[in-house]
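In: any chance you could fold what I've pasted below:
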Amino acid sequence: MAEFEPRIIAFLCNWCTYTGADLAGTARLQYPPNIRIIRLMCTGGLDPVYVVKALLEGADGVLIGGCHPGDCHYQSGNYKARRRVAILQSILGQMGFDPDRVWLRWISASEGQYFANTVTEMVAALKEKGPNPLKGVGAI
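Out: Now for the predicted structure:
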C-alpha cells in the first residue's frame, strides 16, 4: 500500500498570504505539492460552510491564511476570520471531529519562507493523523 499523502485545501487572502505563496514559488522554495489554493479577496469573506464542504468532500486538512492582525486591507477581515475559525473549530470538536485539521495562519506577502514552512509542517501533522475520517460522507 502506498504511503498516505494528505490533500490540503487552502483559502488564502489575495493581498498577503496568496502573495506570500507566490513569493515562495518565484523564490523556488521547496514545499510539498499536497496543497490546492483558492484565492479570496479577504479571509473575512470565507464562509465556514466552504471549510466544512472541503472536509466532507475529502480534504484531509484546510489552511486559512490571511494578513497579520491589524494589517488587513479591509480593516477588520482577519479579526472576523479569527472569530469564525474559533467557532468552527469548537463546533467540529463538539461533533467529534479533530479541529486541528483546520489551521489559521497569518502570513504576509514578504513571508514566502514561512508559507513554505507552514505547508511542510501541516503535511507532516496530517500524515501523523492519517486520512480524514469524514472522507466520502458528503458524497452523493
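
In: can you tell me the SS state at the most centrally placed residue in the chain?
Out: Centrality entry for the chain: nearest residue to the mean C-alpha point is residue 63, 0.6 Å, by Cα atoms, centre = their mean. For residue 63, the secondary structure call by DSSP: H, G, I helix; E, B strand; the rest coil comes out as strand.

In: roughly how far does it sit from residue 129?
Out: Remark: distance between residue 63 and residue 129 (Cβ to Cβ, to the nearest Å) = 14 Å. Using the backbone N, CA and C atoms, a C-beta is placed for each residue, glycine as well.

In: a strand runs through residue 9, doesn't it?
Out: Yes. The assignment for residue 9 is a strand, going by three-state DSSP.

In: so for it, what's the pLDDT?
Out: You'll see residue 9 listed with a pLDDT of 98.

In: residue 23 is in what secondary structure piece?
Out: helix 17-26 (DSSP states H and E).

In: can you list the strands that the helix or strand just after that helix pairs with?
Out: Downstream of helix 17-26, the first helix or strand assigned by DSSP H and E is strand 35-40. Paired strands of strand 35-40, with direction, are strand 8-13 (parallel) (DSSP bridges).
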